[in-house]
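Student: Give me the fold of what follows.
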Amino acid sequence: MRLRFHLVLWLILVAAPLVSQTEHSNTKSQARLVFLPFDNETRDPDLDYLKKGIPETMISSFSDIGFVEEKPVRTLVIRPNGQPGPGISRESNPRRAFLDLAVADLTDEMFSLRNKGDLVSIARRLSARYVVIGSFSAGESDGSGDRPAEARAIFFDAKTGRRTEEKLTGTTRTLYDALPELALRLKKNVSKPVQYAVKFESSEDGGMVFLDEQYLGRTPFTWNLPAGTYELRFEQDGKKRINQSIEITGQRSVRLESRPLAQKGVLKVDSEPPGADVFLDVTKIGVTPLSRSDLPEGAHRVRVSLKDHVDRFAGVEISTKPTALALVLSPGDTQKVFRDPGHVILDWNYHDLSFYSFVNSMAFYGGWIYFNIQANRIQNSIRPMVTTLMITELITPRDPLTALYQSQQLEENRIKVHAQVRNAKASGIGGGLMLVLTGVFMWRGMAADARETGELGMRPILFSSTEYSAMSVPGRRWDLGMTMHF
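Tutor: The predicted model follows:
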């Protein structure tokens, strides 16, 4: 008996995580209502637009349901002997969720299940609490182009197994106008707790209201909510975000007052010569020497401009701590200095020309090697001929024809060798010139990259933190990061 007690206790402890997982899986939000495309019983291609047109029109009528409350989920643990019994049951607290709406695609699987009427499997596949399927049909035209039409819809609650069928009659022209009435009848089957009208207002209209990270609308508006405590987030352009908890116990009004963002950044700008216009991003804020203490905080770009001088740019981080800039302006034309300094020919920039010049220098170098090899080959080809001419001269001494032939062969060989050497020199000079151009274009490209702009770039960034205790230098770490350079 004692052994059996310990066995039961061990099984309960082992099954506890499974119970928790099962409960979590069962209480996962099933607050989802899914429409399937309606079936065209008339099989008239001219009416196929109603397949998705009907559910997409009806679903908008469900959008104001919002938060619904799910009932507790009971979980049962079977006794060790494998037979069902009282076991151990647990109840979770009611879970509030936002009703999710969707129109699903009619896949082959959904088509087969719909024809079988297996709404339970459809709901399981779509992870939906509610499923709406339906069909429509139309009769013969009355001569004016209008046709009698009928739409039928089945509303299925997967948790209770309840099915409700509604029907709508009309014509093909009036069917769309009557669909909200059909949707209203189906809407009554959605299980939801008692809801109270809550009005949201703000000092300036147009603020966005989020409850439990669900967007409800822009102020002013009224929304029906079940009782409970919600996390509210209010956002408005140019204002501070509001985060607060609100409790709904009945009908009420919520008024939201947001404050402007801090405008207390300090910036000082001096230029040589003075009297230059100062722009913060694209807005002119004054003339040098400038001192402002009412600027928006954050990262900005400053441009200092003076007639007949080249504009200067600087990236600044404006905060309550004063930021000072002292810029020297050089005489010149800003447009000429900053007009595509990196591009030379069409889409080719200095770096492209530097690379292609280097490739050409390697080609010329290869030509220099080739022509020198050819010169050596031609020069070496005369050596067997010299031996033959010496033997011939011994046989027929002082023969003028032989001497003339020797002289002619040697001269032709010398001319060929000279031509190859000349080609090698020309190729070597071309390769050297290409190497010089490679360096020039590379230098021009680096100069263009170093100009004052607001370009993005990659560079090593030093991070300091107590978390980096295992690094070679404790508390410091280098990473490759994206930065804005000016």
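Student: Which helix or strand contains Ser191?
Tutor: For Ser191, there is no host helix or strand (DSSP states H and E).
Student: Oh, that last question was meant for Ala178, not what I typed.
Tutor: Judged by DSSP H and E, Ala178 forms part of helix 175-187.
Student: if I look at the closest residue to Glu41 other than its chain neighbours, how far off is Phe38?
Tutor: Distances taken as CB to CB, 6 or more residues apart in numbering place Ser137 nearest to Glu41, at 4.2 Å, with adjacent residues excluded. No exception for glycine: its C-beta is placed from N, CA and C like everyone else's. According to CB to CB, to the nearest Å, Ser137 and Phe38 sit 10 Å apart.
Student: Who are the contact partners of Val198?
Tutor: Thr222, Trp223, Asn224, Leu225, Ile248, Gln251, Arg252, Ser253, Val254 (CB atoms under 8 Å, 6 or more residues apart in numbering).
Student: how about a cut-off of 10 Å?
Tutor: 211, 216, 221-225, 230, 246, 248, 250-254 (CB atoms under 10 Å, 6 or more residues apart in numbering).
Student: I'd like to know which of the residues you listed are buried.
Tutor: Leu211, Leu216, Trp223, Asn224, Leu225, Tyr230, Ile246, Ile248, Val254 (16 or more other CB atoms under 10 Å).
Student: Just list the residues touching Leu433, thanks.
Tutor: Counted by CB under 10 Å, 6+ apart, Leu433 has contacts Ser357, Asn360, Ser361, Phe364.
Student: ok, it to Val282 distance?
Tutor: Distance from Leu433 to Val282, by CB to CB: 46 Å.
Student: gap between the helix or strand that the helix holding Ala178 is followed by and the chain center?
Tutor: For helix 175-187, the following helix or strand on the C-terminal side (DSSP H and E) is strand 195-202. Chain-centre distance of strand 195-202: 35 Å, with CA atoms, centre = their mean, to the nearest Å.
Student: List the buried residues of strand 195-202.
Tutor: Gln195, Val198, Phe200, Ser202.
Student: Which strands border that strand, and is each parallel or antiparallel?
Tutor: strand 221-226 (antiparallel), strand 252-256 (parallel) (DSSP bridges).
Student: Can I get the first one as PDB, trimmed to CA atoms?
Tutor: Extracted C-alpha coordinates of strand 221-226, given in PDB (Å, rounded to 0.1, in the frame of the first residue of the first chain):
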ATOM      1  CA  PHE A 221     -13.800  57.400 -30.300                       C
ATOM      2  CA  THR A 222     -15.900  55.000 -28.200                       C
ATOM      3  CA  TRP A 223     -15.200  51.300 -27.700                       C
ATOM      4  CA  ASN A 224     -17.100  48.600 -25.800                       C
ATOM      5  CA  LEU A 225     -14.800  46.800 -23.300                       C
ATOM      6  CA  PRO A 226     -15.400  44.000 -20.800                       C
END
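Student: Quick check: mean pLDDT of it?
Tutor: Mean per-residue pLDDT for strand 221-226: 88.
Student: For it, give me every contacting residue.
Tutor: 64-69, 94, 96, 192-201, 205, 209, 211, 216-217, 246, 248, 251-254.
Student: on that earlier part again, quick one: contacts for the residue nearest to Glu41?
Tutor: 39-44, 47, 147-152.
Student: try it again with 8 Å
Tutor: So, once contact is read as CB under 8 Å, 6+ apart, Ser137 ends up touching Asn40, Glu41, Thr42, Ala149, Glu150.
Student: and the helix or strand harbouring it, which strands flank it?
Tutor: Using DSSP H and E, Ser137 maps to strand 130-138. If you go by DSSP bridges, strand 130-138 pairs up with strand 32-35 (parallel), strand 39-40 (parallel), strand 148-157 (antiparallel).
Student: ranking those strands by burial, who's on top?
Tutor: strand 32-35 (a mean of 22; mean count of other CB atoms under 10 Å).
Student: Over that strand, what's the mean pLDDT, rounded is fine.
Tutor: 89.
Student: Give me the contacts around that strand.
Tutor: Looking at what lies outside strand 32-35 - CB under 8 Å, 6+ apart - the contacts are 55-56, 58-59, 62, 99-104, 123, 126-133, 190.
Student: Just put the strands paired with strand 195-202 in a markdown table and tack on distance to Tyr370.
Tutor: As requested, the strands paired with strand 195-202 are exported to a markdown table (distance: least, CB to CB, whole Å):
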| stretch | distance to Tyr370 |
| --- | --- |
| strand 221-226 | 82 |
| strand 252-256 | 82 |
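Student: so which of those gets nearest Gly445?
Tutor: The closest of the strands paired with strand 195-202 to Gly445 is strand 252-256. By CB to CB, the value is 54.6 Å.
Student: what comes up buried for whichever helix or strand comes after the closest one?
Tutor: The helix or strand immediately downstream of strand 252-256 is strand 265-272, counting by DSSP H and E. Within strand 265-272, the residues that count as buried by 16+ other CB under 10 Å are Gly265, Val266, Leu267, Val269, Asp270, Ser271.
Student: ok, those vs Asp311, which is closest?
Tutor: Closest to Asp311, out of all of the buried residues of strand 265-272 and judged by CB to CB, is Ser271, at 10.8 Å.
Student: List the beta-bridge partners for the residue nearest to Glu41.
Tutor: Under the criterion used (DSSP bridges), Ser137 bridges to Glu150.
Student: can I assume Leu256 is in contact with Gly207?
Tutor: Yes. Between Leu256 and Gly207 there is a contact under CB atoms under 8 Å: 6.4 Å.
Student: joint contacts of these two?
Tutor: With CB under 8 Å, 6+ apart, Leu256 and Gly207 have common neighbours Thr219, Phe234.
Student: Give me the domain ranges for the protein.
Tutor: 29-187, 195-256, 265-336, 343-449, 455-485 (automatic domain parsing).
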